[in-house]
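**Q** any chance you can model this:
(chains A, B and C)
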Amino acid sequence: MERREKTKEERRIKFKAELAHNTGLCMLLSVGYDGKKRCAVLKLLELDTQKVYYWYDNTGHKPYLLTDLPQEVVLNNPRVVSHPGFHSVELVKKYDSLNDRKVLMTKVKAKDPLSIGGGGNDLRTIIRRVWEARIKYHNCYIYDRRLVPGMLYVVRDGRLKRVMVKIPDELKREVYAIFEGASEELKTMLEEWLPLFFVKVPKIERLALDIEVFSPEPEHVPDPKEAKYAIIAISLVSTDGLRKVLVLEREDVKRGERPDYMDPDVEVEFFKEERDLILAALDTIIRYPVLLTYNGDDFDLRYIWNRARRLGITRDQIPFTSERDHIDLVTGVHVDLYRFFENRSIQVYAFSNKYKEVTLDAISQALLGIGKVKRLTAISELSLYDLAAYCFRDARLTLELTTFNDDLVMKLIVLLMRITKLSINEVTRTQVSTWIRNLVYYEHRRLNYLIPNKEDILQRKGETTTRAIIKGKKYKGAIVIQPKVGVHFNVVVLDFASLYPSIISRWNLSYDTVRCPHPECRKNKVPGTPHWVCTKRRGILSQIIWLLRDIRVYWFKPKSKDKSLPEDRRSLFSVVQQALKVILNASYGVFGAEEFPLYCPPVAESTTAIGRYVITRTTEKAREIGLEVLYGDTDSVFIHNPDPEKLKALMEWSSKELGIDLDIDKKYRYVTFSGLKKNYLGVFEDGTVDIKGLIGKKSNTPEFVRETFYEVVNILGQVKSFDEFKEAKERIRKIMVSRYTQLKNRRLTLDKLAIRVMMSKPLYSYTKTTPQHVKAAKQLVSAGKHVKPGDVIWFVKVRGPEGVKPVQLARIDEIDPDKYVDYMKTAFEQILEPLDIDFDSILGGRRLDSFFNNS
DNA sequence: GCGGACTGCTTACCT
DNA sequence: ACAGGTAAGCAGTCCGCG
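**A** Model (predicted):
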């Protein structure tokens, strides 16, 4: 996309996005910076009209940095005062939490953010002794004005005002009861935070878009930078019922038949000119406040822009703006769902790893139960109606990823905006460390704390002291208790509800409290480390986590399951608790991540050290009172056939002695342990099977092995008592025999035997070794295919020197059956061995290999 | 020249 | 640009073997 473009203001006028002077109720979508006007600019979504308004800062807020040099010194520095961006200086008081003292600082204001930093000859380089000089201006503006993206505002006579929604007293009382006895500071904080959780997420109209592009080579996706080939279809699907595909008529391509899987209400419009097609799409785009795409930042919108320019459409006619790392919309905001779902925390914590590959097909298959349209023909060879149907599905899926389950994803995004104080553009495109950094910075400003420099934290607090088990890691982590091999009936799993956040809040862990400057606190040791924790002040992180954890555990989580509440309340509560979970789960890890600006090794190390102390003390106590501990991992203990009284005693002991809640998490009818850590099968009371870490479950296990594995698992789910294993064993034997016969006779397709492994990096960077999936990928490349990071390689084991072949290039008669026998054996031994079933003998003494060898 | 012991790399999983 | 711990399978290396 072209670098030079008109100012935000000029483009706003061009596309008729109005200035906010007097508005109805609005939601704050984003905060940016206008380089020409030299001020912050807000995008506000008016709820009634779904119109997006611009509001430019009129408070005179300026970018700044802080320095400990006195004002006179700064003013006597000619390089500062003669700097063209220099504005003024001001004396400010701050609390320096790292050193527990009040400090006077000089605030150096500038006319624009680049003069503070990033402009080469900037004030932060000139002054050198600086704080808070690397915060992006739009975020700094949010902190100082205490804005909360995702919350409600109005503009009256040009003045921006927060709209306060009254929370019913009854509700307030309930929540405050949780924090009874908490400090005044925490209660003030609660006052600020409560509305963010309880104010309903407003309706947000949105339009999903997807494009298809002609390509002369079927395997090649055209480069959006060049946009050399025609856009042949654009689909547009919206929350207000628009369902449309714009299709380009091409000389040699037939319209064909309208496929029946495309709903009859989908409108297909044909265009003779590509230019008209693009303009029609742009015309629709500007009518919605939110544009949704899947990979629009890197493909669809970029392609449209460059293609439009190529076709002579002027910049003035294209409502996109090119930002540093994404494409935004002049008349609203652009949410690229690929960027959002790519976020590891969203993937793991919000969607519990339900999708593994970050492709539209995989995600929608996992979350919506429907994938992309399957096609065998190249895009460019589809008939026009088939093309329309294919393209339509993609936009539909993109929209539905935000609407399913009562707008879950949209609500989650808004809740995350409120919690992290990030604009919608940023929260959907950044990782969890950015979220946590931003929310912690915001609290610093609210409390008038000086935001520390990373080097100062490291210098004062130092490095870690424990030794990690894994080579290359910085400090010791969690404990895993060796499991007792075999089958165990009636097992109760106890766990510490969000252990690490509990530790951070209860033990007052924070970069400002661990190894604090007071000599009298040194007695307050963290077990297993030389570190100590402050006894005089509450740490800022500990305070934040306390609030977020307790409100989640004691309020939102139970309320989201409370059937007596109306459905819409419950669904909001459930989203809130999920959003909090995402944040809380990452709150410990970031302090052990070197790149995090508040990186503090002793904080991370103390957290895991206390975790080890907690689980160790708990197992000791359990054994002491006569409970049998079968297994445990980090924050859980598996107890065999417990006396309920003793169980209760243990839980009470934990909250009293350790200050951390120990709850019943799960009850199993029985559990089988193979003897390996992080590896077991548990059957719940209702017969559902819970599988952890077993090979049969892993995504790279061949489908054939996995199917067989789940058939066996299904039988195990039906076993109610020890005696029933005998019958189960016989049924398992039958399954194995039939499956092996199937394999022997090669009555299966190659893809059932495929091992699927994801390439995590580009092909050329495998320099140390050549793993099998890389070998297969190299063969694909030789055959003219393209592979890139994130692609899953499907390969089979074959006889011959290479040993592997990608499925696309292999034949069923080439496979090496012995390798699959081994696979089967390891996969099944993990569940059969604890039941005392011998893998080889289960087929009546015959070696499994014989099934292959006599073929 | 070959096979076993070993280490290291890579991926996928658990908490 | 959240963390560490566990496991599997393979690649590659070293060592011993008259």
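
**Q** domain map for chain A?
**A** By the assignment in automatic domain parsing, chain A contains the domains A:206-407, A:453-684.

**Q** average pLDDT across the last one?
**A** Across domain A:453-684, pLDDT averages out at 94.

**Q** from DNA strand B, how far off is residue A:814?
**A** Going from residue A:814 to DNA strand B by CB to the nearest atom of the strand, to the nearest Å gives 23 Å. All C-beta spots, glycine's among them, are computed from the backbone N, C-alpha and C.

**Q** rewinding a little: for DNA strand C, which of the domains of chain A is the nearest?
**A** DNA strand C lies closest to domain A:453-684 among those, at 1.8 Å (CB to the nearest atom of the strand).

**Q** the closest one vs DNA strand C: in contact?
**A** Yes - applying CB under 7 Å from any atom of the strand, one finds domain A:453-684 touching DNA strand C at A:468-470, A:473-478, A:480, A:585-586, A:588-590, A:592-596, A:604, A:608, A:634, A:676-679.

**Q** which of those count as buried?
**A** Buried members of those, scored by 16 or more other CB atoms under 10 Å, are A:474-477, A:585-586, A:588-590, A:592, A:596, A:604, A:608, A:634, A:679.

**Q** of these, which is the nearest to DNA strand B?
**A** Out of those, the member with the shortest distance to DNA strand B (by CB to the nearest atom of the strand) is residue A:634, at 4.3 Å.

**Q** just give the nearest non-adjacent residue to whatever residue of the stretch 501-650 of chain A ends up closest to DNA strand B, would you?
**A** Relative to DNA strand B, the nearest point of the stretch 501-650 of chain A is residue A:633 (3.7 Å; CB to the nearest atom of the strand). Using CB to CB, 6 or more residues apart in numbering and skipping residues adjacent in sequence, the residue nearest residue A:633 is residue A:480, 4.9 Å away.

**Q** my guess is that neighbour contacts residue A:632. True?
**A** Yes - Residue A:480 lies in contact with residue A:632 (CB atoms under 8 Å); the separation is 7.2 Å.

**Q** can you give me the helices in the stretch 751-855 of chain A?
**A** For the stretch 751-855 of chain A, the helices defined by DSSP state H, counting those that start in this stretch occupy A:772-782, A:817-832, A:849-853.

**Q** okay, and the beta partners of residue A:26?
**A** Counting by DSSP bridges, residue A:26 forms beta bridges with residue A:46, residue A:153.

**Q** return the residues in contact with it.
**A** Each residue near residue A:26 by CB atoms under 8 Å, 6 or more residues apart in numbering is listed here: A:20, A:44-47, A:53, A:152-155.

**Q** so residue A:640 touches residue A:626, yeah?
**A** No - applying CB under 8 Å, one finds residue A:640 not in contact with residue A:626, separated by 11.2 Å.

**Q** quick one: which of the two has more around it?
**A** Higher neighbour count among residue A:640 and residue A:626: residue A:640, with 16 against 9, using other CB atoms under 10 Å.

**Q** return the backbone torsion pair for the nearest residue to residue A:525 once chain neighbours are set aside.
**A** Of all residues not flanking residue A:525 in the chain, residue A:532 sits nearest, at 5.4 Å (CB to CB, 6+ apart). The phi and psi values for residue A:532, taken as degrees, to the nearest 10, are phi -130, psi 170.

**Q** which residues touch the residue nearest the centre of chain A?
**A** Taking CA atoms, centre = their mean, the centroid of chain A lies closest to residue A:346, which sits 2.3 Å from it. Taking CB under 8 Å, 6+ apart, we find residue A:346 in contact with A:340, A:582.

**Q** and the gap between it and residue A:624?
**A** As for residue A:346, its distance to residue A:624 is 42 Å (criterion: CB to CB, to the nearest Å).

**Q** doesn't the residue nearest to the centre of chain A lie inside a helix?
**A** Yes - the assignment for residue A:346 is a helix, going by DSSP: H, G, I helix; E, B strand; the rest coil.

**Q** circling back: which ones among the buried ones among the residues of domain A:453-684 next to DNA strand C lie within helices?
**A** In this view, those that belong to helices under DSSP state H are A:585-586, A:604, A:608.
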